[in-house]
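[1] Any chance you could fold what I've pasted below:
(chains A and B, ligands or ions: 4)
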Amino acid sequence: MSSRPLLEVDDLSVHFGGDSGILDRFLGDDKGVVRAVDGVSLDIGENDVVALVGESGCGKTTLGKTMIGLQRPTSGAVRFRGQDIWKSDLESGDIPYKDIRKSLQMVHQDAGNSLDPNRTIFKNLNPALKKWRPELNLVERRELVHQMLDTVGLTPADDYASRYPHQLSGGEAQRTVIVRSMLLEPDLILADEAVSALDVSLRVNLMDLLLELQEMFSTSFVFISHNMANARYLAGRADGRIAVMYLGRIVEIGPADEIIKNPQHPYTKSLLWATSGLSEINDPIESPPVRKIDIPDPENPPSGCRFHTRCLEAREFCMGNDPDLKGMTGPSDRHEAACFEAHDRVEYRNSEPLPDDFDDTDATEQPAD
Amino acid sequence: MSSQYTRRETRDDGQSAHNVLEISNASVAFAMERGDARVLDDVSINVRRGEVLGVVGESGSGKSMLADSMLDAIDSPGTLTGDVTFHPPEGGDPIAVNQLSKEELRQFRWERVSMVVQGALDSFNPTLSIGEHFVETLRAHDYDVAEGMERARQLISDVHLEPDRILDAYPYELSGGMTQRALIALSLLLDPDVLVMDEPTAALDLLMQQSILKLLSELKDEYDLTIVIVTHDLSHVARISDRLAVMYAFEILELGPVGDIVANPSHPYTRELLNSIPDIDADLDEMASIEGTSPDPLNVPRGCSYHTRCPLADEQCRETNPDLFEVSGDHSAACFYTDEARETIPLKKEVTK
Ligand SMILES: Nc1ncnc2c1ncn2[C@@H]1O[C@H](COP(=O)(O)OP(=O)(O)OP(=O)(O)O)[C@@H](O)[C@H]1O
Ligand code: SF4
Ligand code: SF4
Ligand SMILES: [Mg+2]
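    Numbers count the residues shown, from 1 in each chain, chains lettered A, B, ... in the order given. Ligands and ions are numbered 1, 2, ... in the order given. Next up is the predicted model:
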């Protein structure tokens, strides 16, 4: 990694008003604001791989989209090679906005639907090339497309190039969408659940392909996934990090292996629990290690530590105090967690555990401090 | 049969007292421009009363066709042939499901065998509140609404939702996990004997998937249910299932108690399928997908349908389609070379039974 990060995410927040979330109207309160991303800082280096994990509704996609300039932040900044991506079209002498857009690409969750069904694969891929690589003529563009289709195993390439999207399997459609994003030789690719939509039996192949491309083109990758096994495979093989998100915040981040083998945050532990390995394949099914199975209404997030309404380790101290994300003392200085228990805070240790039947209906009230 | 193995029926055949559903020689065909597609090919399987049967296989293997057959719910122009027989658990005459009239079938589908279909998350009508769905269902079946809504409230709390909030809510107000749980509650409203669930959790995150499986196992005990659960992710249903049926190319090619299937998978395909699951505990270098693609229904290889991908395939495999034969006790596989499969395709992770 070079000294200056490729992308700096600095105290980033994205808030949505009244009726934009899925859950926001539920539970009565229409007026609230959803803090989809709430004060996140994260650096992505050159040739870096980060997997963002968390339940649905935790803000992973919003954070990802804001990082690549598809969503305007409410506050905070995203800097690409030192330059704020939302200011680049205003100031002269900087990296032009167009170049930034081209450098930051996305592979969507639903590959099939993001291809135009009435155009062949080549015609699906051609417009972006035409727009972003105007120096190439048609022959060269065709050449490049075939080369990339070859690279991702869609051979014979000329056959695939002339097919329509409905003539592709789910895995093939996913590869095509990956090709589309790679053609522009971006510096960073955001892949949103690009793997989870596929049959389990095909996932490892697709992940290997992504990693091969990552290495071949020295592209940085941000993978979004709710599946710890996928996150670990992608980030683990590329020597990258896993960042765990809960209700708009990163609650734990560190090298993939550290997060899997030495998780610190109770939320990370429950995500890992849900990703039981093959060795437990035959054990009887258990209750999940959380107090409640649904995430709280994001419009009305719990006070103190936001996980306290579901956390089995929660104590009274957690209800009124919000833990910072900070470094763990341990084998890796890059491992950070936001939890009083993990950091063994004295006030936490000395306060009462929340009872098993603890009712969170008052939990959003501000505690009288 | 020309096979060197004598055909062994699965052990429960003939003991219909234990079976709630018997599917014999079920086939589903679709007429298509390119020819007739057989998307379920002569499948026989019994669903035992009180069990959880997991049906697993890759996308397009015919899992949904098998699930739909259980309620004679194949969409036209598809046609179902063979027999589907339901045995009322309380005794009484067996019901020939695929000979029921339209009206009889409508009753049967809620009161006997209920289904949560694949991609069910958008099966609520967006203009009706969740409560209205419950009321409509009760009315349509001439049930007492007040009494029925009592049961509805109980079912809704059973799936960890708050009845007051949920009944008044509209579908768009619920998260995916809440919607799926509300649908499960609705499917149990008329007290069915069997619940068939097609990919009930595929669109949900893992923590929610596990929560729902746990809820299902509780509901099963509480309401004396038999559950059939269909998914592409074997690792995911293994823990809730009593038996697993592995499908490939529109057939069942391995069937048995879940412990036997995961500890001693006997069909080469099942072994590859287990090896392909991304395992959180395994060495990163050990994982691999299954090579090749599954067959097109218009072009199923003759002989053993897996021979185009199988490292053990020989002349016999290319010529003859193996029957399901007994591996041990209740466990059967459709392969001529199960012993060789164990040596040739080692498991990346040995699991104890
Ligand atoms: N209406 C239809 N007309 C023609 N073919 C169909 C129709 N519905 C399904 N098929 C075909 O039947 C085969 C089996 O489909 P099925 O839906 O049972 O697969 P599945 O195992 O449930 O797959 P998935 O995991 O993707 O849900 C597939 O080849 C599919 O394309
Ligand atoms: S700070 Fe408290 S409530 Fe939050 S995760 Fe840690 S133990 Fe749980
Ligand atoms: S019968 Fe032959 S081709 Fe089929 S799975 Fe067994 S060994 Fe492979
Ligand atoms: Mg299906």
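
[2] Spell out which helix or strand contains B:Arg38, please.
    strand B:35-48 (DSSP states H and E).

[3] brain fart, B:Ala26
    For B:Ala26, the element it lies in under DSSP H and E is strand B:19-32.

[4] re earlier: need the next SSE after the strand holding B:Arg38, C-terminal direction.
    strand B:52-56.

[5] for that next one, the distance to its chain's centre please.
    Distance of strand B:52-56 from its chain centroid, counting by Cα atoms, centre = their mean, to the nearest Å, is 5 Å.

[6] quick one: average pLDDT of it?
    The average pLDDT for strand B:52-56 rounds to 97.

[7] Looking at the chain, which helix is longest?
    Reading this off chain A. The residue-count maximum for a helix in chain A (DSSP state H) belongs to helix A:200-217.

[8] um, chain B though
    Looking across chain B with DSSP H, the single longest helix is helix B:206-223.

[9] Looking at the residue of the stretch 101-250 of chain A found nearest ligand 3 now. What's its pLDDT?
    Closest to ligand 3 within the stretch 101-250 of chain A is A:Ser201: 15.8 Å, counting by Cβ to the nearest ligand atom. For every residue, glycine as well, the C-beta is placed using N, CA and C. Looking at A:Ser201, its pLDDT is 76.

[10] mind listing the helices for the stretch 51-200 of chain A?
    A:60-67, A:97-103, A:121-132, A:138-151, A:157-161, A:170-182, A:200-217 (DSSP state H, counting those that start in this stretch).

[11] Including mean neighbour count, could those go into TSV?
    As requested, these are exported to TSV (neighbours: other Cβ atoms under 10 Å in any protein chain shown):
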stretch	mean neighbour count
helix A:60-67	24
helix A:97-103	17
helix A:121-132	18
helix A:138-151	16
helix A:157-161	18
helix A:170-182	23
helix A:200-217	20
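
[12] Mind telling me which residue of chain A is nearest ligand 4?
    Nearest to ligand 4, among the residues of chain A, is A:Asp199, at 10.8 Å (Cβ to the ion).

[13] Could you do the stretch 1-150 of chain B as well?
    Of all residues in the stretch 1-150 of chain B, the one sitting closest to ligand 4 is B:Ser64 (3.1 Å; Cβ to the ion).

[14] List the residues that contact the residue nearest to A:His146 when sequence neighbours are not counted.
    Spatial nearest neighbour of A:His146, excluding adjacent residues (Cβ to Cβ, 6 or more residues apart in numbering or on different chains): A:Ala157 at 4.0 Å. Going by Cβ atoms under 8 Å, 6 or more residues apart in numbering or on different chains, A:Ala157 touches A:145-147, A:149-150.

[15] contacting residues for A:Arg232?
    Contacts of A:Arg232 were listed using Cβ under 8 Å, 6+ apart, and they are A:51, A:242, A:256-257, A:259-260, B:280, B:284.

[16] hang on, the earlier thing: quick one: the helices of the stretch 51-200 of chain A as a markdown table, columns for distance to ligand 1 too.
    Converted to a markdown table, these look like this (distance: least, Cβ to the nearest ligand atom, whole Å):
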| stretch | distance to ligand 1 |
| --- | --- |
| helix A:60-67 | 24 |
| helix A:97-103 | 35 |
| helix A:121-132 | 20 |
| helix A:138-151 | 24 |
| helix A:157-161 | 20 |
| helix A:170-182 | 8 |
| helix A:200-217 | 10 |
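
[17] Give me the secondary structure label for B:Glu103.
    Under the three-state scheme (DSSP: H, G, I helix; E, B strand; the rest coil), the conformation of B:Glu103 reads as helix.

[18] Counting neighbours, what do you get for it?
    The number of residues packed near B:Glu103 is 8, by other Cβ atoms under 10 Å in any protein chain shown.

[19] ditto for the one 10 residues further on
    When neighbours are defined as other Cβ under 10 Å, B:Val113 has 25 of them.

[20] For it, list each beta-bridge partner.
    Counting by DSSP bridges, B:Val113 is bridged to B:Val194.

[21] remind me which residues of chain A are low pLDDT?
    Applying pLDDT under 70 to chain A picks out residues A:1-3, A:18-31, A:88-94, A:111-112, A:331-332, A:360-369.

[22] hmm, back to that, what residues are up against the residue of the stretch 1-150 of chain B closest to ligand 4?
    Residues in contact with B:Ser64 (Cβ under 8 Å, 6+ apart) are B:118, B:198, B:230.

[23] So it versus B:Glu199, what's the distance?
    Between B:Ser64 and B:Glu199 the computed distance is 8 Å (Cβ to Cβ, to the nearest Å).
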